[in-house]
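# Sharing a sequence plus its predicted fold:
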Amino acid sequence: MATVNLNQLGLPPQLGSDRPEGRRIQIEGEGFGETLQKAAGEVNQEQLQAEEAVRQMVAGQESDIHTVLYAVQRADLSFQLALQVRNKLIQAYDEVMRMQV
């Protein structure tokens, strides 16, 4: 659970002032950093599963090439998605930094 201070958001004074706890609200769910860490962990897990599938095929333990190719393709797609999300985050950061206050 994350806490957001409404004073830091630059909202008009009338918003949130009727709350007994002041101008703080609780937001349910994960924070942005935790969400990114979780997503990176899932991408890493896909990569490890694909690597293990390739190892098993090379060792002769896995004879189904479709299972191996599916694992490798899934890992590649998850990595490409993570890369595009990273690019969009960097682009948004650059745009915010160009804003004049």
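That came in fine, so what should we check first? Residues are numbered from 1 along each chain as shown.
# what about the strands in the chain?
With DSSP state E as the criterion, the chain has strands at 2-5, 24-27.
# rank those by pLDDT, which is bottom?
Lowest mean pLDDT within the strands of the chain: strand 2-5, a mean of 56.
# Just the CA trace of stretch 32-42, in CSV.
This file holds the C-alpha atoms of stretch 32-42, laid out as CSV (Å, rounded to 0.1, in the frame of the first residue of the first chain):
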residue,chain,number,x,y,z
PHE,A,32,5.3,1.6,-9.3
GLY,A,33,8.8,0.3,-8.3
GLU,A,34,7.4,-3.0,-7.1
THR,A,35,5.4,-3.5,-10.3
LEU,A,36,8.5,-2.9,-12.4
GLN,A,37,10.6,-5.3,-10.2
LYS,A,38,7.8,-8.0,-10.5
ALA,A,39,7.7,-7.6,-14.3
ALA,A,40,11.5,-7.8,-14.6
GLY,A,41,11.4,-11.0,-12.5
GLU,A,42,8.8,-12.5,-14.7
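# what's the average pLDDT for it?
91.
# Please tell me how far the most centrally placed residue in the chain sits from residue 48.
With distances taken as C-alpha atoms, centre = their mean, residue 36 lies nearest the centre of the chain, 3.1 Å away. For residue 36, the distance to residue 48 equals 19 Å [C-beta to C-beta, to the nearest Å]. Backbone N, C-alpha and C define where each C-beta goes, glycine included.
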